[in-house]
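K.L.:
For reference, the sequence and a predicted model appear below.
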Amino acid sequence: MNKSEKERMLAGEFYNSRDPELLAMYHRARRLLGEFNHTASSDAAMKEHLLRELLGKLGRGVWI
């Protein structure tokens with residue numbers, strides 16, 4: 001069975017960075033980071049929400 005480009009990337013192998021799945025992940029991350037950077041520092045709830053969307057999990061009391 002052939003590995004996906006994402007599986008190759010995660011395994012540290014050569015991969016095609018122009019793969020549609022990887023490009024979609026890249027653009028999603030860029031969009032979320034843009035939203036995070038443009039969110040007021042006083043809006044901690046939104047910043048936490050965006051970080052959870054980006055990273056999947058957060059420890060308690062995370063501050064970035």
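P.N.:
Received, thanks.

K.L.:
which SSE is residue 36 in?
P.N.:
helix 20-37 (DSSP states H and E).

K.L.:
What residues of that helix count as buried?
P.N.:
Within helix 20-37, the residues scored as buried using 16 or more other Cβ atoms under 10 Å are 22, 32, 36. No exception for glycine: its C-beta is placed from N, CA and C like everyone else's.

K.L.:
least trustworthy helix or strand in the chain by mean pLDDT?
P.N.:
None of the helices or strands of the chain scores lower by mean pLDDT, DSSP states H and E than helix 44-55, at a mean of 94.

K.L.:
just how off-centre is that one within its chain?
P.N.:
11 Å (Cα atoms, centre = their mean, to the nearest Å).

K.L.:
Nearest spatial neighbour of residue 4, chain-adjacent residues omitted?
P.N.:
Sequence neighbours aside, residue 21 is the residue nearest to residue 4 in space, at 6.9 Å (criterion: Cβ to Cβ, 6 or more residues apart in numbering).

K.L.:
The one you found against residue 6, yeah?
P.N.:
Yes - Residue 21 is within contact range of residue 6, at 5.8 Å (criterion: Cβ atoms under 8 Å).

K.L.:
picking that back up, okay, angle between the least confident helix or strand of the chain and helix 20-37 too, please.
P.N.:
Interaxial angle of helix 44-55 relative to helix 20-37 (axes from the mean of the first three to the mean of the last three Cα atoms, to 10 degrees): 160 degrees.
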